[in-house]
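**Q** okay, sequence plus prediction incoming.
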Amino acid sequence: MDNGISIGEGALWVLAWLGVMLLYTALDVAVWRKISPNRARLLNVITVAICMGGFLALLRAKLRFPTDIVKGTSLQGIVLAIICAAALYLLLDKFLDPVFERMLPGSEARYQETLRSLSEAPVVSLIQICILAPVMEEILMRGFLLGGLSIRYGKATALLVSSAFFALLHFNMVQTLSAFLCGVVLGLLYMRTGSLLCCMVTHMGYNLISYLTTILPLIHKKGA
């Protein structure tokens with residue numbers, strides 16, 4: 001990827017991953033939930049992990065971009081990543097998301113339904129939300145897209161374009177608006193540290209805080 005990638009190439013790979021997401025979602029709804037309702041969540045997360053591994057292997061084989069996750073990682077970077085995770089939670093979940101929710105009540109209702117669905121299988125949901133998704137999205141969005149676009153278009157354009165593509169991976173409008181801002185913060189962190197691991201720590205940390213504050217209360221409510 002010495003010559004970088006074009007926006008069109010980046011868009012095609014993001015659309016390809018969106019297609020994979022739609023595929024494993026359809027498989028979950030049409031197959032796993034019908035043949036094994038009690039194990040559907042587990043089967044789905046296994047499918048997601050397999051799809052993720054296959055997609056990243058294909059991406060790596062086609063473009064040979066660097067995938068050294070720990071490169072550039074330092075203690076200072078990890079501390080900064082943890083601070084960024086907490087800051088994202090305060091900025092998005094506590095400040096901006098309530099505003100977006102009032103502006104888009106329909107999207108908020110669908111988002112709450114998604115949260116209730118995730119609360120039905122909390123351990124599997126935790127693995128998918130706080131481990132698999134951050135690893136996949138940081139390698140694709142920061143390691144591949146932001147890094148590749150920066151070579152050809154410069155850092156500012158690459159940051160905005162990669163953040164926009166990152167937002168597209170979140171289908172709900174409330175999440176999409178927040179995801180764009182999240183993508184900007186993660187992109188800046190990657191530019192500052194050069195470390196995918198730091199970006200993953202921030203992404204995982206933010207998702208974990210959101211998980212603990214949104215899904216756990218639903219689980220406790222069901223058990224009450």
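**A** Sure thing, it's come through.
**Q** how about residue 193: what's its closest non-neighbour residue?
**A** In this structure, residue 193 finds its nearest non-sequential neighbour in residue 77, 4.0 Å apart by C-beta to C-beta, 6 or more residues apart in numbering. C-beta here means a position set from N, CA and C on the backbone, and glycine is covered the same way.
**Q** against residue 94, how distant is the one you found?
**A** Counting by C-beta to C-beta, to the nearest Å, the gap from residue 77 to residue 94 is 25 Å.
**Q** ok so, going back, what helices or strands is the strand or helix carrying the residue nearest to residue 193 leaning on?
**A** Here residue 77 is covered by helix 75-88, with elements defined by DSSP states H and E. The contact analysis (3 or more C-beta pairs under 8 Å, 6 or more residues apart in numbering; DSSP states H and E) places helix 75-88 against helix 173-193, helix 196-223.
**Q** okay if I get the ones you listed as a markdown table plus mean neighbour count and distance to residue 160?
**A** A markdown table is the format used below for those (neighbours: other C-beta atoms under 10 Å; distance: least, C-beta to C-beta, whole Å):
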| stretch | mean neighbour count | distance to residue 160 |
| --- | --- | --- |
| helix 173-193 | 20 | 8 |
| helix 196-223 | 18 | 17 |
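**Q** closest to residue 129 out of these?
**A** Closest approach to residue 129 among these (C-beta to C-beta): helix 196-223, 5.2 Å.
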